[in-house]
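In: What follows is a predicted structure for the sequence shown.
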Amino acid sequence: MKADQRILLTGATGGIGRAVARALLPRARTLLLVGRDAGKLRALRDELLAVSPDVDVRTVAADLASEAGRSAVADAADLVRDGINVLINNAGVGALAWFEEQTAQDIERIVQTNLVATMLLTHRMLPALHRQPAARVINVGSILGDIGHPGSVAYCASKFALRGFTEALRRELAGSRIRLQYLAPRATRTELNSPAQNALNAELGVASDAPEQVAVELLALLDGARPERHLGWPEKLFVRINRLLPRLVDASLAKQLAVIRRHAQQGVKP
Ligand SMILES: NC(=O)c1ccc[n+]([C@@H]2O[C@H](COP(=O)([O-])OP(=O)(O)OC[C@H]3O[C@@H](n4cnc5c(N)ncnc54)[C@H](OP(=O)(O)O)[C@@H]3O)[C@@H](O)[C@H]2O)c1
């Protein structure tokens, strides 16, 4: 499977998506790149083809939060010779914001994009993936899919649910030829993070990864059998502590609450 991947990558025009697309080039026969911005997709396609002219690089400009957008993506996937055998659900939105100050539309957009669109695109792609001798679905979540964090309430809700979706569907499809996996990056240097988020991370001493590091971890997941991969130290430890001793994390975040609140209330809404 490694040598002959036909890969559908959502969020391809973002910071992590571009790094993942570049890293996938040596193993891809086809790359079907999805984003909303046709100009960014064209630029990425040109860049990738300049490096690897033999790879079949295709693009679809579509809003995954809409039924029409997901249909356009599924239709483009149907045209790929021998079909898609790797689906990477990476598109996502989020921003540091105080929950009570977000509008209903802000909250809905985060949950629709990060969770509902991913579930519905996956649902749409499953019949075609079942026809493959082996297929993978990787959902890109977040460390905030394990740790409820002030200032990221709607985002955490979407990523906790995405992790639950991945785990449940993986168990439902046990014994099938489709393997579900979940990648949880920590803070990563992309435009997803608003200036307020970056300022908060700096004040709290939160480390962040380059998108290329996330791409390395995603490829390792794709090459292995592990169901989940969490990035970063001490984040991996916090995930375990949060599961075993959540009161400790409550106490630690309570101490940071005023700082988080100050940045979130200065923050740009999603
Ligand atoms: N950056 C971090 O700190 C971080 C940490 C943990 C997890 N993650 C996760 O990593 C993934 C990638 O994030 P990133 O940091 O690369 O963010 P990014 O640079 O902001 O890119 C987001 C990508 O998602 C696409 N997208 C957003 N809404 C969409 C929609 N409705 N329909 C289609 N495409 C849509 C964007 O396309 P356009 O070109 O149309 O904008 C873009 O390609 C996300 O799932 C995010 O939650 C990020």
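Out: Yes, it's here.
In: and Q266, what pLDDT?
Out: Looking at Q266, its pLDDT stands at 82.
In: tally of neighbours for the closest residue to it other than its chain neighbours?
Out: Computed as CB to CB, 6 or more residues apart in numbering, the closest residue to Q266 that is not its neighbour in sequence is A196, at 5.3 Å. Backbone N, C-alpha and C define where each C-beta goes, glycine included. Residues within reach of A196, counting by other CB atoms under 10 Å, total 20.
In: Doesn't A196 belong to a helix?
Out: Yes: looking at A196 with DSSP: H, G, I helix; E, B strand; the rest coil, it is inside a helix.
In: so it touches R262, yeah?
Out: No: checked against CB atoms under 8 Å, the pair A196 and R262 is beyond contact range at 9.4 Å.
In: check whether the helix or strand R29 falls within contacts the ligand.
Out: R29 is part of strand 28-35 when elements are defined by DSSP states H and E. Yes: legend: contact between strand 28-35 and the ligand by CB under 6 Å from any ligand atom is shown at G35.
In: Can you classify A202 by secondary structure?
Out: The assignment at A202 comes out as helix when based on three-state DSSP.
In: swap that for L183, please
Out: When classified by three-state DSSP, L183 comes out as strand.
In: Apart from its chain neighbours, what residue comes closest to V140?
Out: Closest residue to V140 apart from its sequence neighbours, by CB to CB, 6+ apart: N90 at 4.3 Å.
In: Could you report the pLDDT at the one you found?
Out: 99.
In: now D4
Out: 82.
In: which parts of the stretch 101-250 of the chain sit against the ligand?
Out: By the rule CB under 6 Å from any ligand atom, the part of the stretch 101-250 of the chain lying against the ligand is T113, V140, S142, P185, A187, T188, T190, E191, L192, N193.
In: The last one falls within a strand, correct?
Out: No: under the criterion used here (three-state DSSP), N193 is coil, not part of a strand.
In: Number of residues surrounding it?
Out: The number of residues packed near N193 is 19, by other CB under 10 Å.
In: which residues touch it?
Out: Contacts for N193 (CB atoms under 8 Å, 6 or more residues apart in numbering) come out as L96, A187, N201, S208.
In: before we move on, back to that, give me the neighbour count for the residue nearest to V140.
Out: 22.
In: and it, how far is that from R124?
Out: For N90, the distance to R124 equals 16 Å [CB to CB, to the nearest Å].
In: all helices for the protein, in order.
Out: Under the criterion DSSP state H, helices of the chain are mapped to 15-24, 38-51, 67-78, 104-111, 117-130, 153-172, 195-204, 211-223, 235-244, 246-266.
In: Tell me which of these is the most buried.
Out: For the helices of the chain, the largest average neighbour count (mean count of other CB atoms under 10 Å) is found in helix 15-24, namely a mean of 23.
In: Touching that helix from outside, list them.
Out: Here helix 15-24 has contacts from 5, 7, 9-12, 31, 33, 35, 44, 47-48, 51, 88, 90-91, 140, 185, 188-192, 210-212, 214-216, 218-219, using CB under 8 Å, 6+ apart.
In: Tell me which residue of the stretch 51-200 of the chain lies closest to the ligand.
Out: Residue nearest to the ligand within the stretch 51-200 of the chain (CB to the nearest ligand atom): G92, separated by 2.3 Å.
In: how near is that residue to V111?
Out: 11 Å.
In: The closest residue to the ligand within the stretch 1-150 of the chain: how many residues sit nearby?
Out: Residue nearest to the ligand within the stretch 1-150 of the chain: G14 (1.8 Å; CB to the nearest ligand atom). Per other CB under 10 Å, the neighbour tally for G14 reads 22.
In: Ignoring the adjacent residues along the chain, who's closest to it?
Out: Ranked by CB to CB, 6+ apart and with sequence neighbours excluded, the top spatial neighbour of G14 is T190, at 6.0 Å.
In: on that earlier part again, buried ones from the residues of the stretch 101-250 of the chain next to the ligand, can you make that a PyMOL selection?
Out: Selection of buried members from these for PyMOL, criterion 16 or more other CB atoms under 10 Å:
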select buried, resi 113+140+142+185+187+188+190+192+193
